[in-house]
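Chemist: test case, fold it:
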Amino acid sequence: MKAKFSSILTLLLAFVVQITFAQEQTVSGTVTDQDGLPLPGVTVIIKGTSTGVQTDFDGNYNIEATQSDVLVFSFVGMKTAEYPVGSTNIVDVVLETDTAQLDEVVVTALGITREKKSLGYASQQLDGEEITRSRNSNALNSLSGQVAGVQITNNSGQLGGSTRIVLRGVGSVTQGNKPLIVVDGIPLDNSNYNTESAQDGGGGYDFGDTGFDINPDDIASMNVLKGGAAAALYGNRANNGAIIITTKSGKKGKAEVTINSGVSFESINIIPQVQKLYGGGGGNALTIEQSGFEEATIDGTTYNIVDYGTDESWGPRYDANTEVLHWDAFDPEFPNQYLNPRPWVYPENDKEDFFDTGVSINNGVAFSLGSEKSTMRLSLNNTQSKGIVPQSELDKTSLNFNGTSQLSDKLKIDAGINLTVTDGYNRPAFGYSGNSVILQFFQFGQTQLDYERLKDYVLPNGTQRTWNRIAFDNPNPRYTDNPYWIINKNYSEDKRTRWFGNVGGQYNFTDGLYVTAKMYMDNYDFKTGTRIAEGSQAQSNYVENQRDFTEINYEAILHYDTDLFDDLLNVNTFVGANKRDTKFSRLAGNTRGGLAVPEIYNLGNSVDDPALLDYNENKQIESVFGSASFGYDDMLYLTVTGRNDWSSTLPEENNSFFYPSINGSFVFSQVLEADWLSFGKLRGGYAEVGSDTDPYQLRNTFDNRSAFFGNIRYTQPTANRNPNLKPERKTTWEVGLEMGFLDNRVNFDVTYYNEETDDLITPVQVDPSTGYGSTFANAGKLANKGIEALVNITPVKTEDFDWNVTWNFAKNENELLELLPGVNSLEIASFPFKGVTLNAIVGERYGIIRGTDFVYDDAGNKVVSAGGRYLSTSTVRNLGSVLPDYNMGIRNSFRYKNFDFGFLIDMQKGGVYRSLTNIWGNYSGILEGTAANNIREEGIVIDGVTGDVTFNNDGSYTVTNTAENTTVIPAQLWGVDHYFGPDAQNVFDADYWKLREVSLGYTLPKNWMGETGIESVRFSAFGRNLLVWGLDNENFDPEVATGGSGNIQGSEGGSLPSTRTYGLNVEIKL
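Modeler: Residues are numbered from 1 along each chain as shown. From the prediction side, this is the model:
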C-alpha cells in the first residue's frame, strides 16, 4: 500500500514541475446571449481535450491555450460554438439559443461524457452550486427533493449519520438496494456499519457512511443514473443504479484560490411533546383515582417522597403548595439539597433543556493553476461539529488533489487522491438501548426531573448519582442511568481514515483511436469503541471493532471515434476490461463479566475471557465490456452496450453472466419545424443487469468463536450454504419524452419505466434435523414500475431579474410477484416488542408491517369490548408498506442583480412506520395525550362501538348488535393498552411536507474589487428542514423511522429529535 501511494505522490510532484516550467498564454473573454446578457456557468474547453473552465457570474473566463487550439463553448439551451484562438488573446462569444436541441453534456457510466440529447434513458445531473447551496455536510443528502425517482432518508438529528438512497424502488428482498457511488471513476464502498441492533430497527449507534467522506465543495457535478440502461456498463454492482460524482479539476490560466468559511447552527425541530400536569409514580390502571405520595420518616421528620424506582409518570398532579423530597434530597454529600423539600411542580429545565444548539464550523481552501500542458487543483477542508446531544463531537478533515499532464502529443497522464479523516466522539445512542437518553426522556421516565440539577451526576466517591434510585435509602440505579452519566461516562469513540484515488493515462495512436488505462483504489480503516462504566445500571463493558477495507480496480479501455458520410454519421466505440479485487477484515471483541479494573477500557481488562471475532473475506470479479454509439445528423442516436462479469462468489458453472443494453433517441424537433417547439426528443432503452452475493455463501465453513476455558472454539453457521446460487437478474425497460417551448423557457421530461428482478437470493427455512435453520436459494420475483416527471419553467428573464421554477415528481409501484412454491411470505425483520414484523409478501409491496389490527364493524367503526377497551384481531394483519406512494419536490430560484434567493419544498405521500416511543410513552404516562382533556381526573371514553364479536379459526370475525361505546375507563388503562391493545394504533402514515432548503446570497460587484486581486466575494445565508407539516403524528418525523441505510425500515425505536439548520457562509475567489 505504501509503495502505491509513493508512486502516486511521485506523479504529483511531476505535475507541479510540469506546471512550473511550462509556457503560459492566457486567453480571456466574455460570453453573452443574443440579448447581451452575461452567461455564468458556460463550459469552455479546448477541443479534443478534457481541459476546461467555466465562466463566472459576469460571464467572464480565462483559459490557457495555444494559437492552434480551438475553444468550444457549450451551455444548456444554447448552440455549441467553436472559436479558433489564433493570435488574439481576447475571444468574446455570443451564444445563440438552440431551438433544435439541448447540448448539455453529462457524465455517464465509466466516466464517458456524452451529449444529453443522445441518451436513450433518463439522466438528471446537479452541478456543484446546486449541491453546496444549503451547505449540507453529506453531499448525498443534497439529492433530496431535487431528483425525480430518488428517495433519500436520513435522521437529521444524528451527528454525521448515514443516508439511505433508493432509486426507482426496492429491487431486492435481502440483498442491498443501494446505488453504486462512483467518484472520478472510483467505485466507493458504502457499507452500513451501524451497530447490529440499530440495523435491526432496535437501538444503538449510527456511525455514518460514504456520503460523509466526500467533501461537497470538491464536487463539480453529480449525475444520477437511475435505470439499467444507464448503469449496465458497471455490471452487477450497479444493479440498483449509480450516482456519478465528478470532482473539480484545475484550470489552465492564472492561479486561482477559493476560500470558503461558514458556520451553521442546529436546533430541535420535531420532538415528542410530554404532559406537564403530573409527575412520577406507578399509578393504578384499574381506577380513575389518582395516586398520592409515599411517606418516609427520616431523622424523626416525615416527608412526602416520590417512588423514583418507578420509571413512569402516573403520579400525583402538580401542586405548588405541596412540598416533597426530590431525588437529589437524599445525599448528605450535598448539604444544600439534603432533606430539603421543594414544591411539586413541573421543572424549570425540562427534557428539551438537556439538548444543546448544535454548531458546525466549516473552513476550506482550494488552489488551482495550469499551464499549456498541465493542470492541478489542491483543496483542504475541515468541518468541526458539535451535536444537539451534549459532549457529542465530530471532526472531519478532507484533502483532495487532481492533476493532469500532457507529456507529449500522444501521451497524457492524470491522477487524483482524496484523503478524509473523520473523528467521532460520543455519537449519541438511539432507540431502545441502555445508553439512549431518548429511552428515559420519552419512553420510560418521570416528568418532574429538573435537568439542570441532574448535571451533578457523580458523588464525591466517584459513584453515580441518579434520579432512578431503587429506593430513597438505596442510591443504586434501577432501570436507567443519569443522562449526564451516560454522556460523560458511557460514551462512544470512532475514527475512519479513508484514501481513495486513481492514477492513469491516455495514449493517442491516431485521430480518434486512443487507449486509456487506470488504477482505482478505495481504502479505509474504521475503528469504533463503546463503553459502559463501572457503577452504571448495566454491567461495565467495553466493545471494540476494527474494520479494514481495500478495493483496487484495474481498467483499460480502447476507444475509436470517427465521423462518416460528410459528418452525417458519428460513431463512438470502445472495448475494455476490468479486474476488481476486494479485501475486507474485521476484528471485534467485547469484555465479559465486567471490567477487572474500573476506567481501563481495553479487551485485556475483561474479568472473563473476552468474546472475540476475527473475520476476513476476499472477492474478485473479472470483466470485459464494450459499447457502440451512433449518431445520425444530430437527430437519431443508438447505443448498444454489453458487459460480462466473472464473480468469485458464485459457483463456476454460474459465475459468468452477461449484461446487454440498448438505448436510443429521436430528436424530432430536427424535422418538425414549428415556432412553438424549441426542442423535442423521444427516447427508449432496454437492459439486463444483475447482482451476485457476498463471499463464502457456497460452502459451509466453521466460524471462529471465543475461547471456552482457554480452548479455541469453532462453530458451524446457522444457515446452510448453497453451492448452486445464481446471480439475481433484473430486466428493465423505459421510454421517455423531452420537450421544450418558448425558446426553452418551458421544458419537461417524463419517463415511464418497468423493472423485474428474477432469481432473488432469499433465505429459506429448512428442516432443523439437518442441523441448520435456513439456507439461501434463488427464489422469487420482484417488480417495479413507475413514472417520473421533471418540469423547468423560466417565467421571467431580464437583464436584472430571473425567476426559475423546477418541479419533479416520482411514483413507484412495487410488487413481490413470487417466492418459493408454497411460500407466500418472508419475514425480513422483527421489530422490538409485541412480535410486530417487517415482511415481503407475495402480491404486496415490499416492506409490509404485520401486527394485530383493530376489529371493525361493517361501517368501519372500531369495536370496543364491554370493558371499554379496543379489541384486537386474533391473528396478525397487514398494516401497510414502508414504501411511499409518491414523492415530489418544487424549487424556486430568483436572481435580482447581484442577489440570489431560492427555496425547495419536498414532500412524501404514503408509506407507514411503527413507533415504539408511542407505545411506551403512552404506557408510562409521559406523552402529552395521556393527560389531555382532564382524562386522568374524569377517565376517557374511547371512540368506537360495542358489539358481539365472533372470531373464526382462520382469523376472520363477524360483528353484530353494535351500539355506541359509552364506557368510561381510567386514562392509565387507555395508556397501557398501547402495548396490550392493537398494534395498529402505533402505526402511522409517513406523509410529510418539508421546507427542505432556503438560501439567500449576495455577490459583491466586481468593480468593488479594484486592484485587490480578489475576483469575487459571495455572502450567503441558508437553512435546511426549517418547517415540517402534514404529519400523521406530530411527535415524530417519519424520516427518523430508520435504522440507517439498510433494508430494515419503518421502525421508530427511540430516535433523536429531528433538527433544523441555519447558517452563514462566505466564499472568496482570488
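Chemist: how close does the most centrally placed residue in the chain sit to D206?
Modeler: Within the chain, the residue whose C-alpha comes closest to the C-alpha centroid is T163; the distance, by C-alpha atoms, centre = their mean, is 1.2 Å. In this view, T163 and D206 are 10 Å apart by C-beta to C-beta, to the nearest Å. C-betas here are computed from N, CA, C, even on glycine.
Chemist: with adjacent residues omitted, what lies nearest to the residue nearest to the centre of the chain?
Modeler: Taking C-beta to C-beta, 6 or more residues apart in numbering as the measure, T163 lies nearest to N154, with 4.4 Å between them; neighbours along the chain are not counted.
Chemist: and that neighbour, its phi and psi?
Modeler: The phi/psi pair for N154 (degrees, to the nearest 10) reads phi -160, psi 160.
Chemist: before we move on, what about T770?
Modeler: With angles defined as degrees, to the nearest 10, T770 shows backbone torsions of phi -70, psi -10.
Chemist: next one: T132
Modeler: Dihedral angles of T132 (phi, psi; degrees, to the nearest 10) stand at phi -90, psi 0.
Chemist: tell me the helix or strand right after the one helix or strand L816 maps to.
Modeler: L816 belongs to strand 801-818 when elements are defined using DSSP states H and E. Once strand 801-818 ends, the next helix or strand along the chain (criterion: DSSP H and E) is strand 825-830.
Chemist: re the thing from before, strand partners (parallel or antiparallel) of the strand holding L816?
Modeler: Within its sheet, strand 801-818 is paired with strand 781-797 (antiparallel), strand 886-896 (antiparallel), according to DSSP bridges.
Chemist: next, format those strands as TSV and append distance to N435 and mean neighbour count.
Modeler: As requested, the strands paired with strand 801-818 are arranged in TSV below (distance: least, C-beta to C-beta, whole Å; neighbours: other C-beta atoms under 10 Å):
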stretch	distance to N435	mean neighbour count
strand 781-797	37	18
strand 886-896	34	18
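Chemist: that older thread, number of nearby residues for the residue nearest to T163?
Modeler: Residues contacting N154 under the criterion other C-beta atoms under 10 Å number 25.
Chemist: any idea how far G208 is from it?
Modeler: Shown here: N154 relative to G208, a distance of 10 Å by C-beta to C-beta.
Chemist: next one: G370
Modeler: 35 Å.
Chemist: re the thing from before, let's have the strands paired with strand 801-818 in TSV, adding distance to A229 and mean pLDDT.
Modeler: Output for the strands paired with strand 801-818, formatted as TSV (distance: least, C-beta to C-beta, whole Å; pLDDT from 0 to 100):
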stretch	distance to A229	mean pLDDT
strand 781-797	14	94
strand 886-896	22	95
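Chemist: redo the ones you listed as a markdown table? Include distance to W1029.
Modeler: Formatted as a markdown table, the strands paired with strand 801-818 follow (distance: least, C-beta to C-beta, whole Å):
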| stretch | distance to W1029 |
| --- | --- |
| strand 781-797 | 23 |
| strand 886-896 | 14 |
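Chemist: of those, which is nearest F1022?
Modeler: Set against F1022 and scored by C-beta to C-beta, the strands paired with strand 801-818 come closest in strand 886-896, at 13.5 Å.
Chemist: my guess is Y346 contacts Y318. True?
Modeler: Yes. In terms of C-beta atoms under 8 Å, Y346 counts as a neighbour of Y318; the distance is 5.6 Å.
Chemist: could you list the domains of this protein?
Modeler: What the record gives for the chain is the domain set 25-97, 132-268+359-431+487-584+594-847+882-914+992-1030+1035-1069, 278-345+446-479, from automatic domain parsing.
Chemist: any chance of the ones you listed in TSV, plus distance to V855?
Modeler: Conversion of those to TSV gives the following (distance: least, C-beta to C-beta, whole Å):
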stretch	distance to V855
domain 25-97	58
domain 132-268+359-431+487-584+594-847+882-914+992-1030+1035-1069	17
domain 278-345+446-479	22
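Chemist: and these: which comes nearest V864?
Modeler: Closest approach to V864 among the domains of the chain (C-beta to C-beta): domain 278-345+446-479, 16.7 Å.
Chemist: got the end-to-end distance for that closest one?
Modeler: The first and final residues of domain 278-345+446-479 sit 21 Å from each other (C-alpha to C-alpha, to the nearest Å).
Chemist: do the same with stretch 668-682
Modeler: This stretch, stretch 668-682, spans 7 Å end to end (C-alpha to C-alpha).
Chemist: hmm, back to that, now do the shared contacts for Y346 and Y318.
Modeler: By the contact definition C-beta atoms under 8 Å, 6 or more residues apart in numbering, Y346 and Y318 are jointly contacted by K276, L277, G279, Q448.
Chemist: among those, which ones are buried?
Modeler: If you count burial by 16 or more other C-beta atoms under 10 Å, the buried members of the shared contacts of Y346 and Y318 come out as L277, G279, Q448.
Chemist: and the second one, what does it touch?
Modeler: What that stands for is G279. The neighbours of G279, taking C-beta under 8 Å, 6+ apart as the test, are V306, S313, G315, P316, Y318, W344, Y346, Q446, T447, Q448.
Chemist: cutoff 10 Å now
Modeler: 293, 306, 313-319, 324, 326, 344-347, 446-449, 925 (C-beta atoms under 10 Å, 6 or more residues apart in numbering).
Chemist: circling back to that earlier point, among the strands paired with strand 801-818, which is nearest G253?
Modeler: strand 886-896 (26.2 Å).
Chemist: next secondary structure after the closest one?
Modeler: Along the chain past strand 886-896, the next helix or strand (assigned with DSSP H and E) turns out to be strand 899-909.
Chemist: how far does that next one sit from its chain's centre?
Modeler: Between the centre of strand 899-909 and the centre of its host chain there is 19 Å, according to C-alpha atoms, centre = their mean, to the nearest Å.
Chemist: residue ranges of the strands in the stretch 401-550 of the chain, please?
Modeler: Listed from the start of the chain, the stretch 401-550 of the chain has strands (DSSP state E, counting those that start in this stretch) covering 411-425, 469-471, 474-477, 492-510, 513-532, 541-564.
Chemist: okay, the angle between the longest one and strand 513-532?
Modeler: Interaxial angle, strand 541-564 versus strand 513-532 (axes from the mean of the first three to the mean of the last three C-alpha atoms, to 10 degrees): 170 degrees.
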